[in-house]
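S.K.: Sharing a model that was predicted from the sequence below.
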Amino acid sequence: MNIREIDEKDLEDVSAICIASFSVSVAGTLSDEGVSAFLKIAASDAFLNRMKEDNVMLVAECDGRIEGVIELKEGRHVAMLFVDHEHQKKGIGRMLLSSALHYVRADTVTVRASLPSVPAYRKYGFECKGDIAESAGLVYQPMEIKLK
């Protein structure tokens, strides 16, 4: 498994992994508005625009195939963390998070975790902070992890 920075040539695959994983694990828990909002965020052109910002995007690659992605925004917020549904529960998410933490520029890392992903983030050491909230139809649990 190789963790590396995203490249423009990866964008279609990254978008497809995010959308497929979201569709299986999260979409059924959201309104049409939330699904639509996510599809816009996960589109390859949206990733391309965010590549030009202060975001770190890493992919997990095995035998030339991308199996997961993480996006760290402003050096302090996990904006995306998705693993290909067929490769989940194999430590890829943990490896991506661990690699992304090298780019953190704060004492605390936050995430707006989809409700189905809360158990995974707890395993990674995140704690719930605040009440469940909604933005543009996306329902999330604010979580954070304090770094040493």
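M.R.: Received it, and whenever you're ready, just let me know what you need.

S.K.: For the chain, which segments count as strands?
M.R.: 2-5, 55-62, 65-73, 77-83, 108-114, 127-128, 133-135, 138-146 (DSSP state E).

S.K.: for the protein, what's the longest helix?
M.R.: Taking DSSP state H as the criterion, the chain has its longest helix at helix 11-25.

S.K.: pLDDT averaged over it - what is it?
M.R.: Averaged across helix 11-25, the pLDDT comes to 96.

S.K.: Show me what counts as buried in it.
M.R.: Buried residues in helix 11-25, defined by neighbour count with 16 or more other Cβ atoms under 10 Å: 11, 13-15, 17-19, 21-22, 25. To be clear about C-beta, it is placed using only N, CA and C from the backbone, and glycine gets the same treatment.

S.K.: Closest to residue 141 out of these?
M.R.: residue 25 (14.4 Å; Cβ to Cβ).

S.K.: Quick one: residues contacting that closest one.
M.R.: Taking Cβ atoms under 8 Å, 6 or more residues apart in numbering, we find residue 25 in contact with 85, 114, 116-117.

S.K.: can we see that at 6 Å?
M.R.: residue 116 (Cβ atoms under 6 Å, 6 or more residues apart in numbering).

S.K.: Then residue 60?
M.R.: For residue 60, the contacting residues are 1, 3, 67-68, 92, 96, by Cβ under 6 Å, 6+ apart.
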